[in-house]
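Trainee: quick check, what structure comes out for this input:
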Amino acid sequence: MTTALRFDPALPWWAIAALAGLAVLVAGFALWRGLRGWAWRGLAGLAAAMALAGPALEMGSRAGLSDIVILLDDRSASQGLPRAASRPMPPWIGLASRFPPCRIPNCGG
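Mentor: Numbering: from 1, shown residues only. All right, here's what the predicted structure looks like:
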C-alpha cells in the first residue's frame with residue numbers, strides 16, 4: 001500500500017506563491033499596526049493558497065502483472081505483396097491461439 005500527496009494546481013505555481021506571499025504581507029502589516037486577528041488573516045490567506053494548489057491524497061497498491069501479452073498481427077495490404085508473402089511465417093503467429101481473446105472493445109480479438 002502506497003500513500004502519496006499529489007497536487008493539481010488551479011493556477012500556476014508562481015501565482016499561488018504570490019498569493020501566499022501576499023497573505024504573509026497582509027498578516028505582517030496587521031501585526032505591525034497592532035490589529036486584532038492578524039494571525040487569522042494570515043492563516044485564511046495561506047489556506048486559500050493551499051486550496052488553489054489542489055492537494056489530493058492518493059492511496060493504492062500496485063502489483064506487477066505476469067499474465068500480460070501483447071501480440072501484433074500485421075494484416076495490412078502491404079503483406080499481400082509477393083516479396084512479403086515469400087517470407088516464412090514468424091514463430092509467434094501460432095501463439096495467438098494459445099491465449100484467450102482480449103476483452104477490450106475494438107481490439108480485434
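Trainee: quick one: the strands in this protein?
Mentor: Taking DSSP state E, the strands of the chain run over residues 2-7, 55-60.
Trainee: what's the closest of the ones you listed to Ile16?
Mentor: Within those, the stretch nearest Ile16 is strand 2-7; the backing value is 9.5 Å (CB to CB). C-beta coordinates here come from the backbone N, C-alpha and C atoms, glycine included.
Trainee: low pLDDT regions in the chain?
Mentor: 65-67, 69, 71-75, 79, 84-97, 99-109 (pLDDT under 70).
Trainee: got the residue ranges for the helices in it?
Mentor: Here the chain has its helices, by DSSP state H, at 13-33, 38-52, 82-85.
Trainee: on that earlier part again, Trp38 is nearest to which of the strands of the chain?
Mentor: Taking CB to CB as the measure, the strands of the chain were each checked against Trp38, and strand 55-60 came out nearest at 25.3 Å.
Trainee: buried stuff in that closest one?
Mentor: When neighbours are counted by 16 or more other CB atoms under 10 Å, no buried residue of strand 55-60 is found.
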